[in-house]
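# Attaching a predicted model along with its sequence, questions to come.
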Amino acid sequence: MKMENVEPNGVTFFYLIHGCCKERLVDKGRQLHSHVIKNGWLESNIFLANVLVDFYSAFGILVDADKAFECIPPQDVISWNSMVSIYAANDLLHEAVRLFEEMRLWDKHPSAMSFVALLNLSSRGKELLFGKQIHNFVIKVGIDYGSVLIQSALIDMYGKNDDVQSSIDVFQCSHERSLECCNSMMTSLLHLGFLQDVFELFSWMVCENIVFDEVSLSSTIKALSLYSSPSLDNCCLLHCCAIKSGFDSDSMVLCSLIDAYSRSGQIRFSQQIFEALPSPNIFGFTSIINAYAQKGMGYECLAVFEEMIQRGLKPDKVTFLCILLGCNHSGLVEEGKMIFDSMRTIHDVYPDRRHYSCMVDLLGRAGLVNEAEELLMHASSEGDSVMWSSLLRSCRIHQNEHVGRRAAKRLMDLEPEDPSFWLQASNFYSEIGEFETAIYIREVAVARKMSRDIGYSLIRVHEFH
DNA sequence: GTAGGGTTAG
């Protein structure tokens, strides 16, 4: 749209660049940037400069965000905070800390947001000590200690660093009634596996008339899913809750419901939810593929995957892992091989350990033990104990003595301290009739387990060759 | 007349 008789200025461009950020228009934003430079607005308008930093960071173009930041003549606290957040989001801990230090040298006073950015950094980087230092620093400086933002960032930081008690302590001293703190507490509890507490917190919110949102609800549904077998009643209860509160069109809520229903054994409800999704995204597709995979419905996984491709969605590592699991649980060997090969060749997704592990299992179960071993060696020169253990199991089932010996040896080399792998190796040797070796390995395993349990070595353990 | 921001899936 062209504006007539109105001369656009810095403020106009501020809104335009903001819009490009929201609408994901990277090229347009770049054009606007050069326009801003030509007009010499950057030096006189800190708002404009700051929105450019955010624009580049929203697209992950760190280099240009950095350049835009350097162009701002006197950066203000917002510019600094944006850069610290960007470094934090890109896991550049040292750069973020360096910038924070620099900011203090320049005598720019950190705001609550500065601390939130640093706390997020320690959450992401699992830096508990650093997080505690920031916590103490916040108390010392006394800036906005009571703010909901800082409280919820602290609850999250302790939760992500597995320190549940500190997380609860902060929550109990915080604005307990704030949605932000409740949600952070719920995600921490969920992350740490305190599922019952997630339900209790949710009930408490309802009783206290704290209006929950889609994050609280999806966390609660997720907690339900993680129960070994959620009851259908509870799934329906939370589903009704979603409908009543108007969150039944939220993608996150619906994905957790797909998961919860399938785990409760009611895959048809998962199907219904998926089919009713107005425009399923990659999460929706992967949720239903995962549900089918867990139920051993391999062909359904493949059909949904096909539909996903036809809609132009790009599958990622998680999607492929779910499809391969589906093929594995249904014994679809050729299909699994085809999908696995297509990851790299067609979809430009590189398989990691989990995909290789799934394929080793798939091939091994099908009796293609040599092929499985070849793939395992290809995954990494070492392989890992899970893959070797799965291969050894396949060798036992399909009586492949040759590969089995190698797998047993590798497994014991990789896990000298884990008796369960040694017992598996021992069972393999009994299976192929080498009872002496089987007994020897079992004795070593038992001795090691005992010495580990007792705390010191009772029996001199000889290396097995 | 213009801003940054907590939790967030498969």
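That came through fine. Residues are numbered from 1 along each chain as shown, chains lettered A, B, ... in the order given.
# For residue A:44, list the residues it contacts.
residue A:10 (C-beta atoms under 8 Å, 6 or more residues apart in numbering). Quick note: C-beta positions are derived from backbone N, CA and C, even for glycine.
# what kind of secondary structure is it in?
coil (DSSP: H, G, I helix; E, B strand; the rest coil).
# Can you tell me which residues in the stretch 51-200 of chain A are near DNA strand B?
Within the stretch 51-200 of chain A, the positions near DNA strand B by C-beta under 7 Å from any atom of the strand are A:51, A:54, A:76-79, A:81-82, A:85, A:111-114, A:116, A:120, A:123, A:147, A:149, A:152-153, A:156, A:179-180, A:183-184, A:187, A:191.
# What residues sit buried inside the helix or strand hosting residue A:233?
Secondary structure assigned from DSSP states H and E places residue A:233 in helix A:232-245. Using 16 or more other C-beta atoms under 10 Å as the test for burial, helix A:232-245 gives A:234-236, A:238-239, A:241-242, A:245.
# Mind exporting the C-alpha coordinates of that helix to CSV?
What follows is helix A:232-245, C-alpha atoms only, in CSV (Å, rounded to 0.1, in the frame of the first residue of the first chain):
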residue,chain,number,x,y,z
LEU,A,232,-10.3,-42.5,29.8
ASP,A,233,-12.4,-40.7,32.4
ASN,A,234,-9.5,-38.3,33.3
CYS,A,235,-8.8,-37.7,29.6
CYS,A,236,-12.4,-36.8,29.0
LEU,A,237,-12.5,-34.6,32.1
LEU,A,238,-9.6,-32.5,30.9
HIS,A,239,-10.9,-32.5,27.3
CYS,A,240,-14.2,-31.1,28.7
CYS,A,241,-12.2,-28.6,30.6
ALA,A,242,-10.5,-27.5,27.3
ILE,A,243,-13.9,-27.1,25.6
LYS,A,244,-15.4,-25.2,28.5
SER,A,245,-12.5,-22.8,28.7
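# And it, how far out from the chain middle?
Between the mean C-alpha location of helix A:232-245 and the chain-wide mean there is a distance of 26 Å, by C-alpha atoms, centre = their mean, to the nearest Å.
# Contacts for that helix, please.
So helix A:232-245 is in contact with A:212, A:217, A:220-221, A:224, A:248, A:250, A:253, A:257, A:260-261, A:264-266, A:269, going by C-beta under 8 Å, 6+ apart.
# Let me know the average pLDDT across the helix or strand hosting residue A:387.
In this structure, residue A:387 is located in helix A:385-398 according to DSSP H and E. Taken as a whole, helix A:385-398 has a mean pLDDT of 95.
# From the contact counts, what lies against it?
Applying 3 or more C-beta pairs under 8 Å, 6 or more residues apart in numbering; DSSP states H and E, one finds that helix A:385-398 contacts helix A:353-365, helix A:369-379, helix A:401-414, helix A:419-431.
# Any residues of the stretch 301-450 of chain A in contact with DNA strand B? List them.
The stretch 301-450 of chain A has residues A:315-316, A:318-319, A:322 near DNA strand B, with proximity defined as C-beta under 7 Å from any atom of the strand.
# from the residues you listed, which is closest to residue A:139?
Comparing those against residue A:139 with C-beta to C-beta places residue A:318 closest, at 39.5 Å.
# Quick check, central residue of chain A?
By C-alpha atoms, centre = their mean, chain A has its centre lying nearest to residue A:318, at 9.9 Å.
# Show the contacting residues for it.
residue A:286.
# in what helix or strand does it lie?
Using DSSP H and E, residue A:318 falls within helix A:317-330.
# now that helix against helix A:353-365, angle please.
10 degrees (axes from the mean of the first three to the mean of the last three C-alpha atoms, to 10 degrees).
# mind listing what's buried in helix A:317-330?
A:319-330.
# Longest helix in chain A, please.
Scanning chain A for the longest helix, with DSSP state H as the assignment, gives helix A:435-454.
# Check which residues of it are buried.
Buried residues in helix A:435-454, defined by neighbour count with 16+ other C-beta under 10 Å: A:437-438, A:441-442, A:444-445, A:447-449.
# Please tabulate the buried residues of helix A:317-330 in TSV and include pLDDT as additional columns.
Below are these laid out as TSV (pLDDT from 0 to 100):
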residue	pLDDT
A:319	97
A:320	98
A:321	97
A:322	97
A:323	97
A:324	98
A:325	97
A:326	97
A:327	98
A:328	97
A:329	95
A:330	96
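# from those, which is closest to DNA strand B?
Set against DNA strand B, the nearest of the buried residues of helix A:317-330 by C-beta to the nearest atom of the strand is residue A:319 (4.3 Å).
# What confidence value was assigned to residue A:61?
For residue A:61, pLDDT reads 86.
# returning to what we had before: turn the helices and strands packed on helix A:385-398 into a markdown table, columns for mean neighbour count and mean pLDDT.
Below are these laid out as a markdown table (neighbours: other C-beta atoms under 10 Å; pLDDT from 0 to 100):
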| stretch | mean neighbour count | mean pLDDT |
| --- | --- | --- |
| helix A:353-365 | 22 | 96 |
| helix A:369-379 | 19 | 93 |
| helix A:401-414 | 19 | 95 |
| helix A:419-431 | 20 | 93 |
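# Pipe these into CSV and attach distance to residue A:28 per row.
As requested, these are exported to CSV (distance: least, C-beta to C-beta, whole Å):
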stretch, distance to residue A:28
helix A:353-365, 37
helix A:369-379, 43
helix A:401-414, 53
helix A:419-431, 57
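# For residue A:390, which of the ones you listed is the nearest?
Taking C-beta to C-beta, helix A:353-365 is the member of the helices and strands packed on helix A:385-398 nearest to residue A:390, at 4.6 Å.
# can I have that closest one written out in CSV, keeping just the CAs?
Provided in CSV are the C-alpha atoms of helix A:353-365 (Å, rounded to 0.1, in the frame of the first residue of the first chain):
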residue,chain,number,x,y,z
ARG,A,353,21.9,-42.1,17.3
ARG,A,354,18.1,-42.6,18.0
HIS,A,355,17.3,-43.3,14.4
TYR,A,356,20.3,-45.6,13.9
SER,A,357,19.3,-47.4,17.1
CYS,A,358,15.8,-47.9,15.9
MET,A,359,17.0,-49.2,12.5
VAL,A,360,19.5,-51.6,14.2
ASP,A,361,16.6,-53.0,16.2
LEU,A,362,14.3,-53.2,13.2
LEU,A,363,16.9,-55.0,11.0
GLY,A,364,18.0,-57.3,13.8
ARG,A,365,14.4,-58.4,14.7
